[in-house]
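[1] Okay, sequence plus prediction incoming.
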Amino acid sequence: MLEAAELECERGARTLFRGVSLAVKAGDLLRVAGANGSGKTSLLRILCGLATPSAGEVRWKGQPIAGMKEEYARELVYIGHAPAVKDDLTPSENLAITCRLAGRPASAEALRAALAQLGVPELPVRKLSQGQRRRAALARLWVSDAPLWLLDEPYSALDADGMEALNGRIGSHAAAGGAVVYTTHQEVGIRSTQVVDLGAGA
Amino acid sequence: MLAVARCVVHRDLLLALRRRSDVATALLFFVIVASLFPLGIGAEPNLLRAIAPGVIWVAALLSSMLSLGRLFAADHADGTLEQMLLGAAPLGVVVVAKGLAHWLVSGLPLVAIAPLIALQYDLAPGLYGVLALSLLLGTPVLSLIGAIGAALTLGLRGGGVLLALLVLPLYVPVLILGAGSVEMAAAGLAPDGQLLLLGALLVVAAAFAPWAIAAALRISME
């Protein structure tokens, strides 16, 4: 599904990584490993099309993503370092808006069920803890049927229960023919089918 | 696509409703700046009548500037802007929706309040209509042009001052035409020319600004 060839990323004058190639098939779980500052987030941003690589290209089903824009965006869920939830809205309002923006509107019941399953209270996000915010952002995975997930540090701030729930959801997504690319520092108890190691960092 | 635009407008209005103080600040700023001039210059009716259109328009310009910084910065900070860039609708549609929401909370109230301010300057009641109409046509242009600047200065240190330096010169045509239309009407001439030109500016800005804003955002987000 997703292929990347000879990606190179530069930040200012220094090269973060060079010659990174990967191929993700349906059902794959790809873990991006590497030290702090090795370019994990940059790689994910390149894969989802937010950033352009200084060399190399990313292809989705054989087509370069540079020319696809919204068509490609509709196929993926990207959850970045920042949780992308507004402090002044409630988790269900946030989730409804994110789904609508992604072109995959979900019913109110589906949203409520997803949030209830993760145990996110229906308060303004400002009043939630870091872990609950992360859960509110991740709830999107429970209502999305996009084939490709790109998750940047999805496990950060989650407790054991939360990690287990996320592992379960990632597993069922992969079993249903989806693909996941994720980064993490922790041992998360899920078996990835591939690892891309960006090394010690620059 | 329209559903996404409606969703963004609804979202931004809802956020403005939950943070009413932000909206009130820009409006109060407009009222206070416009009220300082009669206090400083003194109650000389002829002088006040003469400077009224210019002062009210400059105050509107500054007040519109004040709220621009927040247009994309908050969404940038919490990551929602990234989700908009990765949305199913073209970015141009999303930024038009954001611009519209910005105008609804920062431009439209000015149109409503301006006649009240004009009262302090003893502007002839017959001119209120022209003043409101010129603001109605001009303030959306301010929101659109300002959004280009806000997108370009996103995430920069000292972006606020840079934004003012970048955007205020671009506001000059709107200021000249807007204040000019009221002055024409005050002189007993037809303000149609200025108002039509303002309308033309609005059409041009509505057609081209979205692409400029979208391109600027993509560059800032790299």
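    Nice, I can see it.
[2] Name the nearest residue to residue B:109, sequence neighbours excluded.
    Here the nearest residue to residue B:109 in space, its sequence neighbours aside, is residue B:27; by Cβ to Cβ, 6 or more residues apart in numbering or on different chains that works out to 5.4 Å. C-beta: built from backbone N, CA, C; applies to glycine.
[3] Can you give the contact residues for the helix or strand hosting the one you found?
    Assigned by DSSP states H and E, residue B:27 belongs to helix B:20-41. Helix B:20-41 has contacts (Cβ atoms under 8 Å, 6 or more residues apart in numbering or on different chains) with B:16, B:47-48, B:51, B:55-56, B:58-60, B:62-64, B:66-67, B:70, B:105-106, B:109-110, B:113, B:117, B:120-121.
[4] Could I get the buried residue list for that helix?
    Neighbour-count burial for helix B:20-41 flags B:22, B:23, B:26, B:27, B:29, B:30, B:31, B:33, B:34, B:37, B:38 (criterion: 16 or more other Cβ atoms under 10 Å in any protein chain shown).
[5] dump the residue contacts of residue A:178.
    Taking Cβ under 8 Å, 6+ apart, we find residue A:178 in contact with A:26, A:27, A:146, A:147, A:148, A:149.
[6] ok, now with 10 Å
    A:1, A:26-29, A:77, A:141, A:144-149, A:170, A:172 (Cβ atoms under 10 Å, 6 or more residues apart in numbering or on different chains).
[7] so how far is chain B from it?
    17 Å (Cβ to the nearest Cβ, to the nearest Å).
[8] related to what we said a few turns ago, wondering if the helix or strand following the helix holding residue B:27 reaches chain A at all.
    Per DSSP H and E, the first helix or strand lying C-terminal to helix B:20-41 is helix B:45-77. Yes: counting by Cβ under 10 Å from any Cβ of the partner chain, chain A has neighbours in helix B:45-77: B:74, B:75, B:76, B:77.
[9] Neighbour-wise, give me the winner out of those.
    The residue in the residues of helix B:45-77 next to chain A with the most neighbours, by other Cβ atoms under 10 Å in any protein chain shown, is residue B:75 (22 neighbours).
[10] Just the pLDDT for that residue.
    On the pLDDT scale, residue B:75 is placed at 90.
[11] Check residue A:145 too.
    83.
[12] So for the nearest residue to it once chain neighbours are set aside, what's the pLDDT?
    Nearest residue to residue A:145, sequence neighbours excluded (Cβ to Cβ, 6+ apart): residue A:104, at 7.0 Å. The model reports residue A:104 with a pLDDT of 83.
[13] And residue A:183, by the same measure?
    90.
[14] Just give me the neighbour total for it.
    Residue A:183: 24 surrounding residues under other Cβ under 10 Å.
[15] what's across from it in the sheet?
    residue A:32, residue A:152 (DSSP bridges).
[16] what sits against it?
    A:30-34, A:38, A:40-41, A:43-44, A:81, A:150-156, A:196, A:198.
[17] So which of those are in helices?
    Per DSSP state H, helices hold the following members of these: A:40, A:41, A:43, A:44.
[18] Which of these sits closest to residue B:185?
    Among these, residue A:41 lies closest to residue B:185 (Cβ to Cβ), at 56.7 Å.
[19] Skip the chain neighbours and tell me the closest residue to the closest one.
    Counting by Cβ to Cβ, 6+ apart, the residue nearest residue A:41 is residue A:152, at 5.6 Å.
[20] Let me know whether that neighbour touches residue A:39 as I believe.
    No: assessed by Cβ atoms under 10 Å, residue A:152 is found out of contact with residue A:39, at 11.9 Å.
[21] Common neighbours of those two, please.
    Shared contacts of residue A:152 and residue A:39, defined by Cβ under 10 Å, 6+ apart, are found at A:32, A:45.
[22] Would you mind telling me which of these two has more residues around it?
    residue A:39 (25 against 22).
[23] For the nearest residue to that one once chain neighbours are set aside, what are phi and psi?
    Once flanking residues are discounted, residue A:39 sits nearest to residue A:16: 3.5 Å by Cβ to Cβ, 6+ apart. The phi/psi pair for residue A:16 (degrees, to the nearest 10) reads phi -80, psi -50.
[24] quick one: buried residues of the strand or helix carrying residue A:132?
    For residue A:132, the enclosing helix or strand under DSSP H and E is helix A:130-138. The neighbour-count check on helix A:130-138 (16+ other Cβ under 10 Å) flags A:132, A:133, A:134, A:135, A:136, A:137, A:138 as buried.
[25] how close does the last one get to residue A:83?
    So that's residue A:138. 9 Å (Cβ to Cβ, to the nearest Å).
[26] Where does the prediction get shaky in chain A?
    Counting by pLDDT under 70, the low-confidence segments of chain A come to A:201-202.
[27] What count of nearby residues applies to the residue of it found nearest chain B?
    Across chain A, the shortest distance to chain B (Cβ to the nearest Cβ) belongs to residue A:103, at 2.4 Å. When counting by other Cβ under 10 Å, one arrives at 16 neighbours for residue A:103.
[28] And for the one 4 residues further on?
    Here the count is done by other Cβ under 10 Å, and residue A:107 has 11 residues near it.
[29] Let me know the distance separating it from residue B:89.
    20 Å.
[30] Specify the local secondary structure of residue B:181.
    Following DSSP: H, G, I helix; E, B strand; the rest coil, the label given to residue B:181 is helix.
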